[in-house]
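Enquirer: How does the following fold in three dimensions:
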Amino acid sequence: MNIAIASGKGGTGKTTLTVNLSAIASEKFPVDVVDCDVEEPDSSLFLNIQKTDTEIVTIKIPEIDENACTGCGECDRFCNFNAIISFSGLAHSLPELCHSCGGCTLVCPEKAITETDRRIGEINTYISEKINILEGVLDIGVSSSPPLIRTLKGKISPEKFTFLDSPPGTSCPVVTTVTGCDYTVLVTEPTPFGLNDLILAVDMMKDVKVDFGVVINRATTGDNRVKDFCNQNGITILGEIPDDRRVAEVCSEGKILIHALPSYRKTFLEILENIQNQMEGTMQWKR
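Expert: Take a look at the predicted model:
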């Protein structure tokens, strides 16, 4: 069972929700946390971890044999991403723009293009008591994170209960993360900015056709526009987390909220139960 934790903007509390839900679920089930926010992964900061493995991730990019290339431009015309261009009688590769489709190698009449590996990042594996953590780390200077996220998701075990900590926003990295998941939790805030970005996130979820619900963080501030939007559009509110200075202090210290402030266990347990009700699943959590 794969549950993504996403939001239309950063700083709403995705990681806080991810690590606390996983801590409760791990009391009964084998749990994986998959940190897909590969440009700034931080789930492991809240867990007492021990690294067990690191894997280098590469993609295929074109390599051009200048002696064989005639500068015909077939590869240039084929590439929709402008990752390979032809001028001065030769084709030239721009690896930062390459999407690794391999098409240029197929259309080259002179077979002057082959593929070579380019490193884009790494995947770190950690263990923390009953939780396994898979963390993607994008290399500095690499502009496209979806290939790393796809490799990371490819390591998800179907036998485990998995929480995916999504990147913020609604662009390609988020779409790559939530696509194919069993359910997505959208975290938002009761503010005009929170509502605006929630609307964008809801539109995204409808496009990728993944069921979702909403958790309102810092719920005792702001106004009722987020609740009104959810009610008017038939969107389930899975739970609310109050605006509490103690929560901010615990998170700033890198601690699990339900352990440092046990009174919050009920809040996160109810969110898990509401997710289960939405998914019509068979897993149960004890209070």
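Enquirer: The closest residue to F46 other than its chain neighbours: helix or strand, and which one exactly?
Expert: With sequence-adjacent residues excluded and distances taken as C-beta to C-beta, 6 or more residues apart in numbering, F46 is closest to V19, at 4.4 Å. Just so you know, the C-beta spots here come from the backbone N, C-alpha and C atoms, and that holds for glycine as well. Here V19 sits within helix 14-25, counting by DSSP states H and E.
Enquirer: pretty sure E55 is in a strand, no?
Expert: Yes. Under DSSP: H, G, I helix; E, B strand; the rest coil, E55 falls within a strand.
Enquirer: That one and G121 touch, don't they?
Expert: No. Taking contacts as C-beta atoms under 8 Å, E55 lies outside contact range of G121: 9.8 Å.
Enquirer: residues in contact with G73?
Expert: S86, A91 (C-beta atoms under 8 Å, 6 or more residues apart in numbering).
Enquirer: Can I get stretch 218-230 in CSV, CA atoms only?
Expert: Output of stretch 218-230 as CSV, limited to C-alpha atoms (Å, rounded to 0.1, in the frame of the first residue of the first chain):
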residue,chain,number,x,y,z
ARG,A,218,-1.9,25.0,11.7
ALA,A,219,-5.7,24.7,11.6
THR,A,220,-6.4,27.1,14.5
THR,A,221,-5.1,30.1,12.5
GLY,A,222,-6.3,31.7,9.3
ASP,A,223,-9.9,31.4,8.1
ASN,A,224,-12.5,28.8,6.9
ARG,A,225,-11.9,29.2,3.1
VAL,A,226,-10.0,25.9,2.9
LYS,A,227,-12.7,24.0,4.7
ASP,A,228,-15.4,25.7,2.5
PHE,A,229,-13.6,24.7,-0.6
CYS,A,230,-13.3,21.1,0.5
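Enquirer: and that stretch, how far out from the chain's middle?
Expert: Distance of stretch 218-230 from its chain centroid, counting by C-alpha atoms, centre = their mean, to the nearest Å, is 25 Å.
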